[in-house]
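In: Whatever this is, show me its structure:
(one chain, ligands or ions: 1)
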Amino acid sequence: MRFPEYRPRRLRKSEAFRRMVRETSLDVSDFILPLFVIEGKGIKVPLASLPGHFQYSPEILAQEIGQVIDSGVSAVILFGVPSKKDAIGSQAFSNDGVTQQAIKRLKDICPALTIVTDVCLCEYTDHGHCGVISDETVDNDPTLDILAKVSVSHARAGADMVAPSDMMDGRVGAIREALDESGYESVPIMSYSAKYCSAFYGPFRDAAQSTPQFGDRKSYQMDPANGDEALREVELDIDEGADIVMVKPALSYLDIIWRVKSSFNRPVAAYNVSGEYAMVKAASQNGWIDGERCMFEVLTSIKRAGADIIITYHALEAAKALREIEGQRLT
Ligand code: PBG
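Out: Just a heads-up that it's a prediction; the model follows:
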C-alpha cells in the first residue's frame, strides 16, 4: 500500500493514537543514578559542570537519599572520592574506604535501594590511571588482583552489584572468581564492556577527581573508531561471567548499543555520560534548546537503540517528569 491509500499521518493525528502506536517507552525502573561520595563529614559540594549534582560525604548522602527514593528511582551507582591516594589505590579496597562507608550507611537507612558500585582505581591512585603503573605503562595483570579485592570489599560492605570500569583484560573473570571464592556468588557483575576513550567524560573527571596525571587512557579504553572490537570485548566479558554488559558513552555509540543488543542475548546497559548531560544542561541554560524535551529524546534514543538499563545524571529529573506526565493523563 502506498500514498494516497496509505497515509502515515493518520496515526499521528492525536495524542491517543500516538501513544497507542508508540514503540519505545521510558520507565523509572530503566534508570540508575550516579552519585559521588567524598571522604569527610558535613560535605555537599555542587559540581559546576554537572548542574544539580554534588559530592556528598557519606552521612549527608544518607540524609539526602530520601529524594531518590521519593522519585521512584530504585538504583544508584556509587563513585568514591577518597582523601588519600597512593600508587596502587589502596583506599579502594579498604574496609573503611569512602565507598564502603557509603554503602553501609545507605543500606542501613534504605535496604531496598539497589546499590551498584563502580570498580576502578583512577579515583584512588595518585597518578589517576585505572590500574597500577610499571615502566610508565598501566600494568594489566597485577591490576586484576586489586580490582578483585575492591569488588569483594564492596560486596562485603553490602553492594548489590559491582561494575568494573577499568578496561583491563581479564578483569571480569578475576572478579567473578574472587566474589565466588568469598561467598558472593549471588552478586552480579555489570561490566563496562565497550568503554571508549571519550572526551565526553570531562565533567566526571572533575567530579571524581580522577584526571590522569600523565598521558591518557588510550592504551586501555577503546578507540572511538571501532565497532567490531566492541563485540569482541562484550563476548569476552560474557565468557568471563558478566551478567550485564555496558556500552559507554551512549549517544555517539547508539550503533554499538544496537549491535550488542542484536548480537547477544544479554541485558545491555548504556551510560549516558557526564559530557552528554552537561551539553544538554548548558544549551538549555542558555535558552538554546528545550532541556526537558531534549532529555527525553536522548533517553528514548538510548532505549530505542536497545539499552535495557540507562545510567544517567537525568534520572531524578526524568523520573519526576514521567510522573507528572502520568498524573496529567489521569486527570
Ligand atoms: C572510571 C569511570 C569514568 C566514568 C565512569 N567510570 C571516567 C573515565 O574513565 O575517565 C565516566 C562517567 C561519566 O563521564 O559520566 N574509570
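
In: How about Y124, nearest residue that isn't a chain neighbour?
Out: Spatial nearest neighbour of Y124, excluding adjacent residues (CB to CB, 6 or more residues apart in numbering): G89 at 3.3 Å. Any C-beta I mention is one placed from the backbone N, CA and C, and that applies to glycine too.

In: how close does that neighbour sit to A207?
Out: For G89, the distance to A207 (CB to CB, to the nearest Å) stands at 18 Å.

In: Of these two, which one has the most company?
Out: Legend: neighbour count by other CB atoms under 10 Å for G89 and A207, higher for G89 (28 against 24).

In: how would you label I310: helix, strand or coil?
Out: strand (DSSP: H, G, I helix; E, B strand; the rest coil).

In: pLDDT wise, what is E276 at?
Out: E276 is assigned a predicted lDDT (pLDDT) of 98.

In: Quote the end-to-end distance of stretch 295-313.
Out: Length of stretch 295-313, first residue to last, CA to CA, to the nearest Å: 10 Å.

In: thinking again about what came up before, what about the residue nearest to Y124? Give its phi and psi, please.
Out: With angles defined as degrees, to the nearest 10, G89 sits at phi 70, psi 40.

In: Contact partners for it?
Out: If you count contacts by CB atoms under 8 Å, 6 or more residues apart in numbering, G89 has them with 121, 123-125, 132, 146, 150.

In: What is the most widely separated pair among the residues you listed?
Out: The most widely separated members of the contacts of G89, counting by CB to CB, are E123 and V132 (14.4 Å).

In: The two: who's more crowded?
Out: Looking at E123 and V132 with other CB under 10 Å, you find the greater number of neighbours at E123, namely 25 against 20.

In: Wait, that one touches A208, no?
Out: Yes. Using CB atoms under 8 Å, E123 is in contact with A208, at 4.9 Å.

In: Please enumerate the shared neighbours of these two.
Out: The contact sets of E123 and A208 overlap at 79, 81 (CB under 8 Å, 6+ apart).

In: Do me a favour and average the pLDDT over stretch 84-100.
Out: Here the average pLDDT along stretch 84-100 is 96.

In: Just the CA coordinates for it, please, in PDB.
Out: Taking C-alpha atoms only, stretch 84-100 is exported to PDB below (Å, rounded to 0.1, in the frame of the first residue of the first chain):
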ATOM      1  CA  LYS A  84      44.300   9.700  50.400                       C
ATOM      2  CA  LYS A  85      45.600   8.500  47.100                       C
ATOM      3  CA  ASP A  86      48.600   6.200  46.500                       C
ATOM      4  CA  ALA A  87      50.300   4.300  43.700                       C
ATOM      5  CA  ILE A  88      48.000   1.200  44.000                       C
ATOM      6  CA  GLY A  89      44.800   2.900  45.100                       C
ATOM      7  CA  SER A  90      44.700   1.000  48.400                       C
ATOM      8  CA  GLN A  91      41.800   3.100  49.700                       C
ATOM      9  CA  ALA A  92      39.700   1.400  47.000                       C
ATOM     10  CA  PHE A  93      39.700  -1.900  48.900                       C
ATOM     11  CA  SER A  94      39.900  -0.600  52.500                       C
ATOM     12  CA  ASN A  95      37.100  -1.900  54.600                       C
ATOM     13  CA  ASP A  96      36.700   1.600  55.800                       C
ATOM     14  CA  GLY A  97      37.000   3.300  52.400                       C
ATOM     15  CA  VAL A  98      34.700   6.100  51.500                       C
ATOM     16  CA  THR A  99      32.600   3.900  49.100                       C
ATOM     17  CA  GLN A 100      32.300   1.100  51.700                       C
END
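
In: Are it and the ligand in contact anywhere?
Out: No. Contact of stretch 84-100 with the ligand (CB under 6 Å from any ligand atom) is absent, the minimum separation being 11.2 Å.

In: Which positions in the protein make contact with the ligand?
Out: Taking CB under 6 Å from any ligand atom as the contact definition, the chain meets the ligand at 118, 120, 122, 130, 165, 201, 204-205, 273-274.

In: Can you flag which of those belong to strands?
Out: D118 (DSSP state E).

In: can you list the residues of the chain next to the ligand in TSV and add neighbour count?
Out: Formatted as TSV, those follow (neighbours: other CB atoms under 10 Å):
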residue	neighbour count
D118	23
C120	27
C122	24
C130	27
S165	22
Y201	23
F204	24
R205	17
V273	25
S274	25
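
In: now, the most widely separated pair of the residues of the chain next to the ligand?
Out: Between all members of these, the farthest pair (by CB to CB) comes out as C130 and S274, at 16.3 Å.

In: right, and G202 touches S49 too?
Out: Yes. If you go by CB under 8 Å, G202 and S49 touch, sitting 7.1 Å apart.
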